[in-house]
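# one predicted model, sequence on top.
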Amino acid sequence: MSLSEFIKTALIALRRNVLRSVLTTLGIIIGVGSVIVMSAIGNGASKQIEAQIASLGTNQLTIFPGSMNVGGRQGGAGSAPPLTEKDMRAIREGVQGITAVAGNMNGSATIVIGNANWVTQVSGSTVEIQDVRDWPVKRGRYFDAIEASTGRKLAVIGSTVARELFGDADPIGTTIRMNNIPFEIIGVLTSKGQAGGRDQDDTVIVPLATARSRLMGRIRVPDEVGQILVKVDDHYDVDEVQADLQRVLRIRRRIGANATDNFAIRNFAEFLATRSATQRTLSLLLASAAAISLIVGGIGIMNIMLVSVTERTREIGLRMAIGARGADILGQFLTEAVLLCLAGGLIGLTLGLGIALGVSSFFDWPVYVSPAIILLAILASAAVGVLFGYVPARRASQLNPIEALRYE
Amino acid sequence: MTAEGAPAKVPVVAAHQLAKTYQLGEQAVHALRDVSFEIQRGEFVAIMGPSGSGKSTLMNLIGALDVPTSGEMRIDGIDIATLSRDELAGLRNHTIGFVFQQFNLLARTTALDNVKLPLTYTMPRPKDPDAIARRCLEQVGLGSRMDHVPSRLSGGQQQRVAIARALVNSPKIILADEPTGALDTATSLEILTLFKNLNAQGMTIIMVTHELDVAAHARRLLRVRDGRLVEDRAMDGRFEEPKS
């Protein structure tokens, strides 16, 4: 028999008992449906995290002044000597494979313009911040190195701040007051979106020297920087550069061979990657639950195919009498099982896509269905058909035609 | 294996010292013992015998559904004991047209599709299965009911569909097992007349029955009892009460 004849015969047999066929495939429908929903939600979440990692900069390292261990007592974060511009210089000169080094100090400020005000984060940064964080302006410009070092009162604002204070109006050239000090807005940053639960666009960047003298309260040394941000050259390995950084800073900060670091190097991408690994474990768990329901569905298929073979023993006997070979009977029942599973798989796929879309719009979760998972769902249901249809089909093909013809 | 080089007079069925033994526990049941006969092309043979006589076993051997324990059964010159399961299926497909007591048509399948069924197992595939099936249905007088499903046909019509199905592969033998067993007398007569007409056109027909007046339509009678062939004689359309 040819494949088209197998399919035609199988469709006739399945149509004979529509309700039973649908009920039989319920397990497959639920299995495939849940695989689609789970993977859509899981993939959506990891896509979002990937986007966040990209927005933070995958090759960015941040150095904080670490806690210090004094006489066996662990001091709090920031108890260590602050990072300074001398540390920045040492990094620039001593570490291979970095493209930019920026100093940064974070604080918060209330911006006032007219009778509107907005509390936001203020970063005092050196000009390199735009390279390190890969964060260009969408309007206006950054301050330059001279403006930065002379302490000009200029501000580059994030897109959230711009929207909240100015709406659609152009804020460039406007003067705002931060902690009662006037700043001129010279640029608006492009939007980066959320990362780690924080709106990155809710920020204002001012020159580091200005921030140090005007906005930040307590300065311990005149050239203090809060953190140092380092951008690693794409051609270098981030971990190696990080080790190099550590070595240079230990020398520069005169840390003895047995003493612990009084600074910390953090890799945000790594931090988020850990989170996405957790996510992956979760979706793996859900996928295995789905796989189990596929197996249960397959057993349902096998059960009903065994019933079908018994019910149709006479038909099998007749087919054998008029010339069907073992392979013809095997193929016929295998095709039936595969078609059943494929139909279930397609219904499950449609259902799963519908639910994923519903979840996406109702809970506002990001969902993503990859073409690979659709293909996988179809192949998996066909595989279940072959796997669980084989035993009944083989039993049918090995019937004795004489006994099968006589079967009541 | 085949007898292609042999002269034209190869018997379609040649049984030689045929025996079939079933093992039931420790007891051997001899369903057939030392049965020898030949059936030539164009004969119309009735095989008779009470139940348990071995006639069903004999029919299964003629139909290549089973192989003998010993002795030789040649169908169209081929020794069936030398064939594999699939080769037996192929032989049945090409050489034998089965007609059953219960018709054994596929439900919810049109007469035409039922008749075409054996062709789906034929290799190489015939060019126009529909045309062949239609011609066979016309031959049994059902040209106007090709699209009907079995449930919409009378018993006699269903058996005609089954006969058309048996004819579709131009077999060497029509093997009918109690073909009138489920039909009333008038319809039985129609079916038997159809067999006679087919036989008149040259078709070899072997009919297994336990009814004397059905067997009477054949031209030769083989009588089986207790696993042995006890009678083999020609009949000229007339039926004589057998001596037992």
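Thanks, I have the structure now. Residues are numbered from 1 along each chain as shown, chains lettered A, B, ... in the order given.
# can you list contacts of stretch A:401-408?
Residues from elsewhere that reach stretch A:401-408 (Cβ atoms under 8 Å, 6 or more residues apart in numbering or on different chains): A:313-314, A:316-318, A:320-321, B:60, B:65-66, B:100, B:104. Heads up, the C-betas are built off the backbone N, CA and C, glycines and all.
# tell me the buried residues in that stretch?
For stretch A:401-408, the neighbour count (16 or more other Cβ atoms under 10 Å in any protein chain shown) marks A:401-402, A:404-405, A:407 as buried.
# what backbone torsions are found at residue B:106?
phi -80, psi 130 (degrees, to the nearest 10).
# how near is it to residue A:308?
14 Å (Cβ to Cβ, to the nearest Å).
# between the two, which one's more packed in?
residue A:308 (22 against 19; other Cβ atoms under 10 Å in any protein chain shown).
# spit out the contact partners of that one.
A:13, A:333, A:336, A:392.
# is the third one within a helix or a strand, and which one?
This means residue A:336. Using DSSP states H and E, residue A:336 sits in helix A:326-363.
# buried sites along that helix?
Those would be A:326, A:328-349, A:351-353, A:355-356, A:359-360, for helix A:326-363 by 16+ other Cβ under 10 Å.
# which parts of chain B are strands?
B:13-24, B:27-39, B:44-48, B:70-75, B:78-79, B:96-99, B:173-177, B:204-209, B:220-225, B:228-234 (DSSP state E).
# any chance of these in CSV with mean pLDDT as columns?
What follows is these, written out as CSV (pLDDT from 0 to 100):
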stretch, mean pLDDT
strand B:13-24, 92
strand B:27-39, 93
strand B:44-48, 95
strand B:70-75, 95
strand B:78-79, 94
strand B:96-99, 95
strand B:173-177, 95
strand B:204-209, 95
strand B:220-225, 94
strand B:228-234, 93
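# out of the ones you listed, flag the one nearest residue A:205.
strand B:96-99 (91.0 Å; Cβ to Cβ).
# adjacent strands (with direction) for that closest one?
Here strand B:96-99 has these sheet partners by DSSP bridges: strand B:173-177 (parallel).
# next, the angle from the strand it pairs with to strand B:44-48.
Relative orientation of strand B:173-177 versus strand B:44-48 (axes from the mean of the first three to the mean of the last three Cα atoms, to 10 degrees): 30 degrees.
# what residues does strand B:173-177 touch?
Against strand B:173-177 from outside (Cβ under 8 Å, 6+ apart): B:12-13, B:56, B:59, B:62-63, B:75-76, B:95-101, B:163, B:166-167, B:195, B:198, B:203-208.
# could you do stretch A:242-254 as well?
A:61, A:63, A:81, A:86-87, A:90-91, A:94-97, A:230, A:261-263, A:265, A:267.
# can you select the buried ones from the residues you listed in PyMOL?
Buried residues within the contacts of stretch A:242-254, by 16+ other Cβ under 10 Å, are selected in PyMOL with:
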select buried, chain A and resi 61+63+81+87+90+91+95+97+230+261+262+263+265+267
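# in strands, which of the contacts of stretch A:242-254 fall?
Using DSSP E, these in strands are A:61, A:63, A:230, A:263, A:265.
# excluding chain neighbours, give the residue nearest to the first one in space.
Read it as residue A:61. residue A:230 (4.6 Å; Cβ to Cβ, 6 or more residues apart in numbering or on different chains).
# same deal with the fourth one?
Spatially, and ignoring its direct neighbours in sequence, residue A:263 is nearest to residue A:66 (4.6 Å; Cβ to Cβ, 6+ apart).
# show me what contacts that neighbour?
A:77, A:80, A:260-264.
# same check, this time on residue B:125
A:2, B:119.
# any low-confidence regions in chain B?
B:1-8, B:237-244 (pLDDT under 70).
# and with 80 instead?
For chain B, the stretches with pLDDT under 80 are B:1-9, B:236-244.
# and the residue of it nearest chain A?
residue B:93 (2.4 Å; Cβ to the nearest Cβ).
# wait, that residue touches residue B:121, no?
Yes - if you go by Cβ atoms under 8 Å, residue B:93 and residue B:121 touch, sitting 5.2 Å apart.
# and for these two, which residues touch both?
Contacts common to residue B:93 and residue B:121, judged by Cβ under 8 Å, 6+ apart, are A:322-323.
# give me the nearest residue to the residue in the stretch 201-350 of chain A positioned nearest to chain B, chain neighbours excluded.
Taking Cβ to the nearest Cβ, chain B has its nearest neighbour within the stretch 201-350 of chain A at residue A:323, 2.4 Å off. In space, residue A:323 comes closest to residue B:93 once its chain neighbours are excluded; the distance is 2.4 Å by Cβ to Cβ, 6+ apart.
# and that neighbour, what does it touch?
A:322-323, B:118, B:121-122, B:169.
# among these, which ones are buried?
If you count burial by 16+ other Cβ under 10 Å, the buried members of those come out as A:322-323, B:118, B:121-122, B:169.
# residue A:118: which of the residues you listed is nearest?
Residue A:118 lies nearest to residue B:121 out of the buried ones among the contacts of residue B:93, by Cβ to Cβ, at 82.0 Å.
# ok, that closest one - contacts?
A:1, A:319, A:322-325, A:328, B:89, B:93.
# residue A:235: which of those is nearest?
Using Cβ to Cβ, these come closest to residue A:235 at residue A:1, 60.9 Å.
# distance check, the residue most central in space within chain B against residue A:16.
Residue closest to the average C-alpha location in chain B (Cα atoms, centre = their mean): residue B:175, at 0.4 Å. For residue B:175, the distance to residue A:16 (Cβ to Cβ) stands at 29 Å.
# ok, now residue A:305?
From residue A:305 to residue A:16 the distance is 14 Å (Cβ to Cβ).
# again, but for residue A:96
Counting by Cβ to Cβ - residue A:96 and residue A:16 are separated by 75 Å.
# show me what contacts residue B:14?
B:38-39, B:72-74, B:77.
# measure residue A:366 to chain B for me?
49 Å (Cβ to the nearest Cβ, to the nearest Å).
# from what I can see that residue touches residue A:49, true?
No - with contact defined as Cβ under 8 Å, residue A:366 does not count as touching residue A:49 (9.8 Å).
# higher neighbour count, these two?
residue A:49 (20 against 15).
# surely the more buried one forms part of a strand?
No - judged by DSSP: H, G, I helix; E, B strand; the rest coil, residue A:49 forms no part of a strand; its state is helix.
# pick out the residue nearest the middle of chain A.
residue A:46 (1.8 Å).
# quick one, helices of the chain?
Just so you know, I chose chain A. A:3-15, A:18-56, A:85-94, A:129-132, A:145-149, A:159-166, A:208-210, A:238-252, A:268-311, A:313-321, A:326-363, A:371-397, A:401-406 (DSSP state H).
# could you do chain B instead?
B:55-62, B:85-95, B:111-116, B:129-139, B:155-167, B:185-200, B:212-215.
# quickly note the distance from residue B:104 to residue A:395.
For residue B:104 relative to residue A:395 (Cβ to Cβ), the value is 21 Å.
# neighbour count winner among these two?
Neighbours per residue, other Cβ under 10 Å: of residue B:104 and residue A:395, the larger number sits with residue B:104, 22 against 17.
# would you confirm that that one contacts residue B:162?
Yes - the pair residue B:104 / residue B:162 is scored as a contact, 6.8 Å apart, by Cβ under 8 Å.
# what does chain B put close to chain A?
B:60, B:63, B:65-66, B:85-86, B:89-90, B:92-94, B:98, B:100, B:104, B:106-109, B:117-118, B:120-122, B:125, B:165, B:169 (Cβ under 8 Å from any Cβ of the partner chain).
# 6 Å instead?
Chain B has residues B:60, B:65, B:86, B:89, B:92-93, B:98, B:104, B:118, B:120-121 near chain A, with proximity defined as Cβ under 6 Å from any Cβ of the partner chain.
# pick out the most distant pair among the residues you listed.
Taking Cβ to Cβ, the two most distant members of these are B:60 and B:120; they sit 23.4 Å apart.
# with adjacent residues omitted, what lies nearest to residue B:207?
residue B:176 (4.5 Å).
# and the one you found, bridged to which residues?
residue B:99, residue B:207.
# that one: neighbouring residues, count only.
Residue B:176: 28 neighbours (other Cβ under 10 Å).
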